[in-house]
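Peer 1: my questions are about this predicted structure, shown below with the sequence.
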Amino acid sequence: MTALVHGRNHPAQIARRGSAIDDVDDRATPLDLFAPLHDRFNFTVDAAAAPHNAKLPRYWTREDNGLAQPWATERVWCNPPYSALDAWVRKAMWEQEFAELIVMLLPANRTEQGWWQENIEPYRARPGWRLRTEFLPGRPRFGLAAGVAPRGPDKRPPFGLALVIWGVS
C-alpha cells in the first residue's frame with residue numbers, strides 16, 4: 001500500500017477520480033511527533049480521528065463530524081484528512097475566535113493552493129492575529145489505516161509538514 005507516498009489524494013487526483021481514497025486520508029500522527037506537542041499545548045480534543053488512531057481520550061470520528069462540532073473553549077489537535085484541507089482550514093479560521101487554541105498538522109508542500117493562500121498566508125504572523133506557522137524538520141512516518149505500524153525509513157511522505165497554530169502557545 002503506497003498511497004500516502006504517491007499522494008493519491010492530491011486535489012488534482014481527487015478531481016480526476018471524483019472522490020478521495022479513504023485509506024489515504026487515514027494517517028495516524030506518530031506518537032513521537034504528537035507527545036511533545038501535547039505536552040506543550042495540553043489539547044482537550046482530537047478533531048479528526050478514528051478509534052484506532054486517536055491521540056486523546058476525547059476525539060471526533062468521521063461519524064461525529066468534527067467540522068460540525070463547536071470548538072468553543074477547546075484546545076484542539078487536528079491532523080485533518082488531506083483530501084479536505086480547505087474545509088478544515090476554513091473551520092479553524094471560523095472557530096479560532098471561540099476556541100482557546102487550535103493546532104493543525106498540514107502538508108508544507110501545498111502553500112500555493114487556495115486554502116493556504118486565502119486562509120493562512122494573509123494572516124500568518126500578522127500583528128493582532130492569533131495565527132502563526134511552524135515548519136517541522138524532517139518527514140515523519142505516519143501510521144496507516146487500521147493501526148498498521150509506520151512505514152520504513154524509505155517510505156516517508158514526499159513532503160514536509162507545518163503546524164498552523166491559532167491562539168497562544
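Peer 2: Ah, there it is.
Peer 1: what residues are up against Phe41?
Peer 2: Arg75, Trp77, Leu101, Val103, Ser169 (C-beta atoms under 8 Å, 6 or more residues apart in numbering). C-beta coordinates here come from the backbone N, C-alpha and C atoms, glycine included.
Peer 1: make that Leu161, sorry
Peer 2: Leu161 neighbours (C-beta under 8 Å, 6+ apart): Leu105, Leu106, Pro107, Ala108, Phe135, Leu136, Arg139, Pro140.
Peer 1: can you give me the helices in the protein?
Peer 2: 11-17, 22-25, 31-41, 85-95, 114-119 (DSSP state H).
Peer 1: if we can go back for a sec, can I get the buried part of the contacts of Leu161 as one ChimeraX selection?
Peer 2: In ChimeraX, a selection of the buried entries from these looks like this (16 or more other C-beta atoms under 10 Å):
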select :105,106,107,140
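Peer 1: please report phi then psi for the residue most central in space within the chain.
Peer 2: Nearest to the geometric centre of the chain sits Asn79, at 2.6 Å (C-alpha atoms, centre = their mean). Asn79 has phi and psi values of phi -110, psi 90 when expressed as degrees, to the nearest 10.
Peer 1: how much space between it and Trp60?
Peer 2: Asn79 sits 12 Å away from Trp60, going by C-beta to C-beta, to the nearest Å.
Peer 1: between the two, which contacts overlap?
Peer 2: Listed contacts common to Asn79 and Trp60 are Ala48; contacts here mean C-beta under 8 Å, 6+ apart.
Peer 1: if you rank the contacts of Phe41 by neighbours, which is first?
Peer 2: Neighbour counts for those peak at Trp77, which has 26 neighbours (criterion: other C-beta atoms under 10 Å).
Peer 1: my guess is it meets Asn53, correct?
Peer 2: No: checked against C-beta atoms under 8 Å, the pair Trp77 and Asn53 is beyond contact range at 11.8 Å.
Peer 1: and Gly167, how many neighbours does it have?
Peer 2: 16.
Peer 1: how about it, what does it touch?
Peer 2: Applying C-beta under 8 Å, 6+ apart, the residues contacting Gly167 are Arg75, Gln96, Ala99, Glu100, Leu101, Ile102, Arg130.
Peer 1: show the pLDDT at it.
Peer 2: Gly167 is assigned 90 on the pLDDT scale.
Peer 1: now swap in Gly18 and tell me
Peer 2: Confidence score, pLDDT, at Gly18: 43.
Peer 1: in stretch 58-65, what's buried?
Peer 2: Result for stretch 58-65 [16+ other C-beta under 10 Å]: buried residues Tyr59, Trp60.
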